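Student: Okay, sequence plus prediction incoming.
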Amino acid sequence: MLIGVPKEIKNHEYRIGLTPAGAKEFVQQGHRVIVEHDGGLAIGFDDAQYLAAGAEIVNTAAEVFERAEMIIKVKEPQPGECRMLSPGQLLFTYLHLAPDPEQTRLLLESGATAIAYETVTSDDAGLPLLAPMSEVAGRMAIQAGAHNLEKAQGGNGMLLGGVPGVEPAKVLVIGGGVVGINAARMAMGLGADVTILDKSLERLKELDMIFGGRMKTVYSTADAVERHALEADLVVGAVLIPGAAAPKLISRELVSRMKAGSVMVDVAIDQGGCFETSRATTHQEPTYVVDGVVHYCVANMPGGVARTSTMALTNASMPYALKLANKGVADALRDDRHLRNGLNVHAGMITHEAVAEALDYEFVEPLTALGRTALQQSA
Ligand SMILES: NC(=O)C1=CN([C@@H]2O[C@H](COP(=O)(O)OP(=O)(O)OC[C@H]3O[C@@H](n4cnc5c(N)ncnc54)[C@H](O)[C@@H]3O)[C@@H](O)[C@H]2O)C=CC1
Ligand SMILES: CC(=O)C(=O)O
Ligand SMILES: [Mg+2]
């Protein structure tokens, strides 16, 4: 298969879909890889390393999109990229369609097949292609939170860990999944007073087993969110209902009663955000203030530590991408229900139920959608 890797074009996004080591794996298994010129340069992966791995360098994204059978990216395609996709082509990347009607419409119009990293599943009910970036974003949430608690950033001047004789800051983490546990670990490591909320009792039990009394676990209700948000210096939004728009757990009215100078980091912003006052921001201008509360809502947080993130993402995505390349897209999807759960768009049809529901499209079951195109091809 011919694999194409364009340079990412989102604001301050320096990740790339495949490392040189990843490209080498494809080449060794008999595939061809084309990479856009300087696609990985900003994070120390220059063209020479891709060439040494056996890849070909091409000058423009247009050439990548024109030639490749499978496009491997990081971020959701921007409108110009969507317009370069064509029927029968596979796009393998993060999509986050539920809060993004325009991207969804453009992908449907393209006729291409789009597999979203964030909805591929695994036997242990995890999201193996979201997990590496959630690990990064969870850890970064505490860095971002600590920085923005500084007075010069608009924060209330609390040091997360306090000092001897002065109490630490209170950190509330809403959602105890991959982002949540990584945020909690970092906050505890810095000595903060950490409380984590989740809807899943099973998950709260696991967290309690791991961290014991070093962290408080609380079942997530509207009442618990309100009580703990009002006391918090830093709130991390880390909930997820896969494929769906994030539930709004902190209302505008509640924000208006929170501590002045407290900080909210809405990691769930890529699914629309879990605070009513959240709107997506960029690494260039990451924060804004509502009622005295600093909001950090960067939708591509791992892009800030793009070298670590690119390596972590390739480690996770490569086995799936290789399966798609080795078996062919249709067979790989038919054989693997977890990969099939990643199928969001196919030949003008929405094939993920939560996405269809969020955006009011007809849901076509993935095997039905694949069957329809197979029929068209044989007719
Ligand atoms: N902004 C960014 O750059 C990034 C954002 N993310 C996003 O972070 C979010 C979280 O991702 P993961 O931790 O990997 O998901 P996950 O599935 O591992 O964890 C989500 C947790 O939220 C819990 N939850 C659901 N509804 C809840 C509620 N009402 N109250 C409390 N807990 C609730 C679930 O039980 C689960 O434990 C996702 O939206 C993901 O896309 C992930 C990486 C980077
Ligand atoms: C998960 C995601 O959207 C990101 O890493 O940017
Ligand atoms: Mg994102």
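Tutor: All right, it came through fine. Fair warning: this is a prediction, and the values are worked out from it, not measured in the lab. Ligands and ions are numbered 1, 2, ... in the order given.

Student: Quick one: the strands in the stretch 51-200 of the chain, in order.
Tutor: 56-58, 70-72, 90-93, 113-116, 170-174, 193-198 (DSSP state E, counting those that start in this stretch).

Student: export those strands to a markdown table and tack on mean neighbour count?
Tutor: For the C-beta atoms, the positions are set from N, CA and C on the backbone; glycine is no exception. Shown next, in a markdown table, are those (neighbours: other Cβ atoms under 10 Å):
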| stretch | mean neighbour count |
| --- | --- |
| strand 56-58 | 17 |
| strand 70-72 | 25 |
| strand 90-93 | 25 |
| strand 113-116 | 28 |
| strand 170-174 | 28 |
| strand 193-198 | 24 |
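
Student: and E36, which of those is closest to it?
Tutor: For E36, the closest of those is strand 56-58, at 6.2 Å, according to Cβ to Cβ.

Student: Who are the packing partners of the closest one?
Tutor: Where contact means 3 or more Cβ pairs under 8 Å, 6 or more residues apart in numbering; DSSP states H and E, strand 56-58 is packed against strand 32-36, helix 47-52.

Student: Run through the residues of the stretch 51-200 of the chain sitting next to ligand 2.
Tutor: 75, 94, 96, 118, 130, 133 (Cβ under 6 Å from any ligand atom).

Student: returning to what we had before: wait, which of the strands of the stretch 51-200 of the chain is closest to ligand 1?
Tutor: With Cβ to the nearest ligand atom as the criterion, ligand 1 lies closest to strand 193-198 of the strands of the stretch 51-200 of the chain, at 4.3 Å.

Student: Pull the CA coordinates from the closest one and hand them back as PDB.
Tutor: This file holds the C-alpha atoms of strand 193-198, laid out as PDB (Å, rounded to 0.1, in the frame of the first residue of the first chain):
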ATOM      1  CA  ASP A 193      -4.600  18.100  47.800                       C
ATOM      2  CA  VAL A 194      -6.300  16.000  45.100                       C
ATOM      3  CA  THR A 195      -9.900  14.900  44.700                       C
ATOM      4  CA  ILE A 196     -11.100  12.800  41.700                       C
ATOM      5  CA  LEU A 197     -14.700  12.300  40.600                       C
ATOM      6  CA  ASP A 198     -16.000   9.600  38.300                       C
END
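
Student: Is there contact, residue-wise, from it to ligand 1?
Tutor: Yes: using Cβ under 6 Å from any ligand atom, strand 193-198 reaches ligand 1 at 197-198.

Student: Report the inter-axis angle for that strand versus strand 170-174.
Tutor: 10 degrees (axes from the mean of the first three to the mean of the last three Cα atoms, to 10 degrees).

Student: After strand 193-198, heading C-terminal, what element do we hit next?
Tutor: helix 201-211 (DSSP states H and E).

Student: now for that next one, which elements pack on it?
Tutor: Packing partners of helix 201-211 (3+ Cβ pairs under 8 Å, 6+ apart): helix 178-189, strand 193-198, strand 216-219.

Student: what about the closest residue to ligand 1 within the chain, distance to R203?
Tutor: Relative to ligand 1, the nearest point of the chain is G177 (1.7 Å; Cβ to the nearest ligand atom). The gap separating G177 from R203 is 7 Å, by Cβ to Cβ, to the nearest Å.

Student: Look at H346 and report its pLDDT.
Tutor: The per-residue pLDDT reported for H346 equals 98.

Student: who's it bridged to?
Tutor: T113, M349 (DSSP bridges).

Student: Tally up the residues packed near whichever residue of the stretch 151-300 of the chain sits closest to ligand 2, please.
Tutor: Using Cβ to the nearest ligand atom, the closest approach of the stretch 151-300 of the chain to ligand 2 is made by N300 at 3.8 Å. Using other Cβ atoms under 10 Å, N300 has 26 neighbouring residues.

Student: wouldn't it be in contact with Q78 here?
Tutor: No: assessed by Cβ atoms under 8 Å, N300 is found out of contact with Q78, at 11.9 Å.

Student: For those two, list the residues in contact with both.
Tutor: With contacts taken as Cβ atoms under 8 Å, 6 or more residues apart in numbering, the residues that reach both N300 and Q78 are K10.

Student: who are the neighbours in contact with the nearest residue to G22 once chain neighbours are set aside?
Tutor: The spatial neighbour of G22 that comes closest, neighbours along the chain excluded (Cβ to Cβ, 6 or more residues apart in numbering), is T314 at 4.2 Å. By Cβ under 8 Å, 6+ apart, the residues touching T314 are 17-19, 21-22.

Student: Out of those, list just those in helices.
Tutor: Assigned to helices by DSSP state H, the following of the contacts of T314 qualify: 21-22.

Student: Mind checking which of the contacts of T314 are buried?
Tutor: 17-19, 22 (16 or more other Cβ atoms under 10 Å).

Student: Could you tell me which ones among those residues also sit near ligand 3?
Tutor: Checking these against ligand 3 by Cβ under 5 Å from the ion, not one of them is in range.

Student: now, which of these lie close to ligand 1?
Tutor: Counting by Cβ under 6 Å from any ligand atom, no member of these reaches ligand 1.

Student: Just these: which are in strands?
Tutor: Among the buried ones among the contacts of T314, no member falls in strands (DSSP state E).

Student: can I get those residues in CSV with pLDDT?
Tutor: Shown next, in CSV, are the buried ones among the contacts of T314 (pLDDT from 0 to 100):
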residue, pLDDT
G17, 98
L18, 98
T19, 98
G22, 98
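
Student: so can I have a markdown table of those showing distance to ligand 2?
Tutor: What follows is the buried ones among the contacts of T314, written out as a markdown table (distance: Cβ to the nearest ligand atom, whole Å):
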| residue | distance to ligand 2 |
| --- | --- |
| G17 | 12 |
| L18 | 15 |
| T19 | 15 |
| G22 | 17 |
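
Student: Many thanks, we can stop here.
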